[in-house]
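**Q** Provided below are the primary sequence and the corresponding predicted coordinates.
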Amino acid sequence: MSTQTAYYCPTIFEVPRAFRSLTKVFGMGPERARKLAAELESQSTVDRIIVYGCAGALTKEFRPGDTLQITHVIGPDSASELKASQETLFDARLVSVSHLIRTPKEKSELQESTGAQLVDMEMAYLWKACSPRVREKLTFIRGVVDGLNADLCFLTPASQLAWTKLLHPRGARALLEFMKNLRRYRSSMESYLLHLN
């Protein structure tokens, strides 16, 4: 019997072309992650649930375009070890926060306080809200889109474009670099998901 897999991703911008018709977008942040957890509780016919998307690197070992399976998630008040699938070649520890981490200084401070290698805004919240039955089906995949030294000055803490920043060369350059890294992420993520499929 073939395995039925469901794919979920926070935003359409993070979905590789080959998976656009297969992926359900659920939104960014803790609240959207908790709503997805409630939805997953009603999934009875799916054997495997793959949740994927972008992450920021908190260490120099990971660079834009790297795609990793998450084996540890750290939230505001808990840390959990996840079961790694046999297919994974690289794994990582990830911390989830409620707001965008934009500067190298913020990333370094977060890494020092948590020991995490990547940061996002959903995975730990989703994991905590899911039942043991759903957790058995979950696989978390994250691709690096901004490296440790990247400055996301063109975005607000709420992940919206800071238009006034784009009027300055620094903000415009940062946005162009981000878009280039987003293309790297999509290509790498597509290859990784096809490998898992």
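**A** Right, received. Where do you want to start?
**Q** What helices and strands are in contact with the helix or strand hosting Cys54?
**A** In this structure, Cys54 sits in strand 48-57 according to DSSP states H and E. Judged by 3 or more CB pairs under 8 Å, 6 or more residues apart in numbering; DSSP states H and E, strand 48-57 is in contact with strand 5-9, strand 118-120, strand 138-146, helix 169-196. To be clear about C-beta, it is placed using only N, CA and C from the backbone, and glycine gets the same treatment.
**Q** Mean neighbour count and distance to His72 for the ones you listed - can I get that in CSV?
**A** Listed next are these as CSV, based on neighbours: other CB atoms under 10 Å; distance: least, CB to CB, whole Å:
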stretch, mean neighbour count, distance to His72
strand 5-9, 20, 20
strand 118-120, 26, 10
strand 138-146, 24, 10
helix 169-196, 16, 19
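**Q** Turn those into a markdown table, columns for distance to Glu106.
**A** As requested, the helices and strands packed on strand 48-57 are exported to a markdown table (distance: least, CB to CB, whole Å):
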| stretch | distance to Glu106 |
| --- | --- |
| strand 5-9 | 24 |
| strand 118-120 | 9 |
| strand 138-146 | 11 |
| helix 169-196 | 15 |
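**Q** Adding distance to Arg20 and mean pLDDT, write those out as TSV.
**A** Output for the helices and strands packed on strand 48-57, formatted as TSV (distance: least, CB to CB, whole Å; pLDDT from 0 to 100):
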stretch	distance to Arg20	mean pLDDT
strand 5-9	10	96
strand 118-120	21	97
strand 138-146	16	96
helix 169-196	10	94
